[in-house]
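1. Fold the following and give me the result.
(one chain, ligands or ions: 1)
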Amino acid sequence: MMAAGRAAERGAKVLLVEKTYRLGSKLLLTGGGKCNITNSAEMQDMINAFGENGKFLYGALTVFSNKDLIDFFTSRGVEMKTEPDGRVLPLKGRADDVLAVLRKYLKENNVTIQHNRTVKSLNNIEAKKIIIATGGKSYPATGSTGDGYKIAKQAGHTIVPLSPGLSALISNNFFIKELQGLTLKDIAISVIIDGKKKYEEKGDILFTHFGVSGPIVLNLSGTIIDALANKNKVEISLNLRPDFSPQDFASFGSKTVSQYFKKNLPASLSALFEKLCSKTSNKKCSIVTREERKIIAAYLTDFRITIIRSRPIEEATITRGGVSLKEINPQTMESRLVKGLYFCGEMINLAGITGGYNLQEAFSTGYLAGESAADV
Ligand SMILES: Cc1cc2nc3c(=O)[nH]c(=O)nc-3n(C[C@H](O)[C@H](O)[C@H](O)COP(=O)(O)OP(=O)(O)OC[C@H]3O[C@@H](n4cnc5c(N)ncnc54)[C@H](O)[C@@H]3O)c2cc1C
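-> From the prediction side, this is the model:
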């Protein structure tokens, strides 16, 4: 929508072909319907949010930055608010308002829209320039079924292998179901690969019937999925009581270990730890041996969850992989292989962390593709 609107605004005659009966189905789902359109991050942090491929975005973000995106919507009547963590959302929290602005932008610039038409190959379309913006492979019910990858491949492009991005993770630990529904806020999480601690971050984690989710898990999922693909053993370690000390524990004196757990942990975790430490849970804290205390400390400060795989790509927030960045000119978004062919959005090999970065990427690359394609 941004690419089509910008190309038309620049004077091109534009046809927007949409596979489904309506535009922007995925956009309406974003941010839980509130549409976290971007992040207030400075340019370098924005780039860093996409890992080592991020530098590809300098061109697009220079032409159309997060500030430009916010202006685009506010100047068209949708006020934005910035959360303390940098996420930018419509003040009224309605993704529909964002979609309405984009639809109006298309209408004002006389973009012709064809709904319910699936582009299967470049031969399907007669045009001087073509921009492919078919999105990733997740949430296929929204229309993003990965068609663009096939079309790009037919045109000679390399597709970096696809995998789920910002995905929930599956564990085979017996206790997972017992923790279902538990949310832990601002907790230190480490990724342990083949027994070695690799990454540590702080954030919120949510236990589900299959494993773990929540913003921090989604952000770490890429690294974990890559490690699993390499057949590494992956665990997540949670530090539930960073302030645990033998003194603090001993100060519980005549209270039992079970009472200590109840005092210091949410109910479902306390019940699980009582079970895991069944030999000591009825003992008084003051008479627990050093060895026993070490085991308790390990559960509290290094609670391990084994990860066996991610949820399928269809359920992921975004798709990792896509059209190789080496084959796209970052100053124009034009294919380096086929003149007059452009790519933008999620289908190119860029995957950001949560926080509005992925929509910003789609809008910036879309804007640049539209601008360049219209520049006859
Ligand atoms: C549940 C959920 C929540 C999210 N929340 C956020 C968030 O809050 N902030 C954020 O930054 N990102 C979020 N994202 C990610 C973000 O939605 C995507 O990165 C973004 O929508 C990608 O935009 P796009 O235009 O590249 O592709 P899409 O939005 O997927 O649009 C692609 C369009 O192409 C059409 N299409 C596909 N194939 C064809 C074909 N062959 N012919 C014609 N048309 C075709 C599709 O029907 C679709 O309309 C979220 C994603 C999900 C799934």
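2. Near the ligand, which residues of the chain are found?
-> Residues of the chain found near the ligand (CB under 6 Å from any ligand atom) are 17-20, 26-27, 29-31, 36, 118-119, 133-135, 138-139, 143-144, 147, 317-318, 345-346, 356-359, 362. C-betas here are computed from N, CA, C, even on glycine.
3. From these, which land in strands?
-> If you go by DSSP state E, the residues of the chain next to the ligand have Val17, Ile318 in strands.
4. Give me the buried entries from the residues of the chain next to the ligand.
-> For the residues of the chain next to the ligand, a neighbour count by 16 or more other CB atoms under 10 Å gives the buried set as 17-19, 26-27, 30-31, 36, 119, 133-135, 138-139, 143-144, 147, 317-318, 345-346, 356-359, 362.
5. what number of residues lie near Thr280?
-> If you count neighbours by other CB atoms under 10 Å, Thr280 ends up with 21.
6. err, Phe249, not the other one
-> 20.
7. Now it: which helix or strand?
-> helix 246-250 (DSSP states H and E).
8. Could you list the buried residues of whichever helix or strand comes after that helix?
-> Per DSSP H and E, helix 246-250 leads on to helix 257-264 as the next helix or strand towards the C-terminus. Residues of helix 257-264 classed as buried: Val257, Ser258, Gln259, Tyr260, Phe261, Lys262, Asn264 (neighbour count, 16+ other CB under 10 Å).
9. Tell me what angle the helix or strand just after helix 257-264 forms with helix 257-264.
-> Using DSSP H and E, the helix or strand that follows helix 257-264 towards the C-terminus is helix 267-276. Angle of helix 267-276 versus helix 257-264, following axes from the mean of the first three to the mean of the last three CA atoms, to 10 degrees, is 160 degrees.
10. mean confidence score for helix 267-276?
-> Mean per-residue pLDDT for helix 267-276: 95.
11. helix or strand for the closest residue to Val234 other than its chain neighbours, which one?
-> With CB to CB, 6 or more residues apart in numbering as the criterion, Val234 has its nearest non-adjacent residue at 4.6 Å, and that residue is Ile307. Taking DSSP H and E as the definition, Ile307 sits inside strand 303-310.
12. which strands and helices sit next to that strand?
-> Packing contacts for strand 303-310, counted by 3 or more CB pairs under 8 Å, 6 or more residues apart in numbering; DSSP states H and E, involve strand 169-171, strand 211-213, helix 215-229, strand 234-239.
13. Please identify the most buried of those.
-> Mean neighbour count (mean count of other CB atoms under 10 Å) peaks for strand 211-213 among the helices and strands packed on strand 303-310, with a mean of 24.
14. List the pairing partners of that strand within its sheet, with orientation.
-> Strand 211-213 has these partner strands in its sheet, going by DSSP bridges: strand 169-171 (antiparallel), strand 196-207 (antiparallel).
15. Name all residues that make contact with the nearest residue to Ser270 once chain neighbours are set aside.
-> Using CB to CB, 6+ apart and skipping the chain neighbours, the partner closest in space to Ser270 is Phe261 (4.1 Å). Going by CB atoms under 8 Å, 6 or more residues apart in numbering, Phe261 touches Leu269, Ser270, Phe273, Glu274, Cys277, Ser281.
16. And Val234, by the same measure?
-> Contacts of Val234 (CB under 8 Å, 6+ apart): Val191, Ile192, Ile193, Ile224, Ala227, Leu228, Thr306, Ile307.
17. Same check on Ala374?
-> Counting by CB under 8 Å, 6+ apart, Ala374 makes contact with Arg6, Ala7, Ala8, Glu9, Arg10, Gly11, Ala12, Lys129.
18. pretty sure the first one belongs to a strand, no?
-> So the one you mean is Arg6. No - under DSSP: H, G, I helix; E, B strand; the rest coil, Arg6 falls outside any strand and is assigned helix.
19. wouldn't Gln331 be in contact with Gly59 here?
-> Yes - using CB atoms under 8 Å, Gln331 is in contact with Gly59, at 4.6 Å.
20. For stretch 106-113, C-alpha coordinates in PDB please.
-> Extracted in PDB, the C-alpha atoms of stretch 106-113 (Å, rounded to 0.1, in the frame of the first residue of the first chain):
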ATOM      1  CA  LEU A 106      -4.300   5.100  -2.400                       C
ATOM      2  CA  LYS A 107      -7.600   6.600  -3.400                       C
ATOM      3  CA  GLU A 108      -6.400  10.200  -3.400                       C
ATOM      4  CA  ASN A 109      -3.600   9.200  -5.700                       C
ATOM      5  CA  ASN A 110      -5.800   7.300  -8.000                       C
ATOM      6  CA  VAL A 111      -4.300   3.800  -7.500                       C
ATOM      7  CA  THR A 112      -6.400   1.200  -9.200                       C
ATOM      8  CA  ILE A 113      -7.000  -1.800  -6.900                       C
END
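21. now it: mean pLDDT?
-> Averaging pLDDT along stretch 106-113 gives 98.
22. how about the nearest residue to the residue of the stretch 251-376 of the chain found nearest the ligand, chain neighbours excluded?
-> Taking CB to the nearest ligand atom, the ligand has its nearest neighbour within the stretch 251-376 of the chain at Gly345, 2.2 Å off. Distances taken as CB to CB, 6+ apart place Ala362 nearest to Gly345, at 4.1 Å, with adjacent residues excluded.
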